[in-house]
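[1] Sharing a model prediction with you, sequence too.
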Amino acid sequence: MKAIIPARGGSKGIRRKNLAVVDGKPLFCHIASTLQNAGHEVIVSTEDSEIRSVALLHGYEVHDRDPALSEDDVPVSAVVEAV
């Protein structure tokens, strides 16, 4: 089963939260590794070049998201449909 992680570069609450290092690795990588360990194929959807690089470095597939799908008011369902 595929698991899509929507990891945009912008954040209203915590600046660059997806790249915030928690216990030695970026936040979104904790989610990705948990899903991968559960047997899911992980796809990281992002418009951000740094998140893209980190995801590839950790071995995750990346979907290059259209920046228009990274605005605050875009529902996650629209991001998932685009993958």
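    Received the coordinates, thanks. Numbering: from 1, shown residues only.
[2] quick one, strands of the chain?
    2-6, 21-22, 25-26, 41-46, 61-64 (DSSP state E).
[3] for these, which one sits closest to D72?
    strand 2-6 (12.6 Å; CB to CB). In this view, the C-beta of every residue, glycine as well, is placed from N, C-alpha and C.
[4] Residues contacting the closest one, please?
    28, 31-32, 35, 40-46, 60, 63, 65, 76, 79-80, 83 (CB atoms under 8 Å, 6 or more residues apart in numbering).
[5] try it again with 6 Å
    Applying CB atoms under 6 Å, 6 or more residues apart in numbering, the contact partners of strand 2-6 are 28, 31-32, 35, 40-45, 76, 79-80, 83.
[6] Same check on stretch 45-52?
    4, 6-7, 9, 18, 62-63, 65, 67, 70, 79, 83.
[7] distance between the ends of that stretch?
    8 Å (CA to CA, to the nearest Å).
[8] Ok, stretch 49-66 next?
    End to end - CA to CA - stretch 49-66 spans 12 Å.
[9] Could you check how far it is from the centre of its chain?
    For stretch 49-66, the separation from the chain centroid amounts to 7 Å (computed by CA atoms, centre = their mean, to the nearest Å).
[10] Give me the buried stretch members for that stretch, please.
    Under the neighbour-count criterion of 16 or more other CB atoms under 10 Å, stretch 49-66 has 51-52, 54-55, 58, 60, 62-63, 65 buried.
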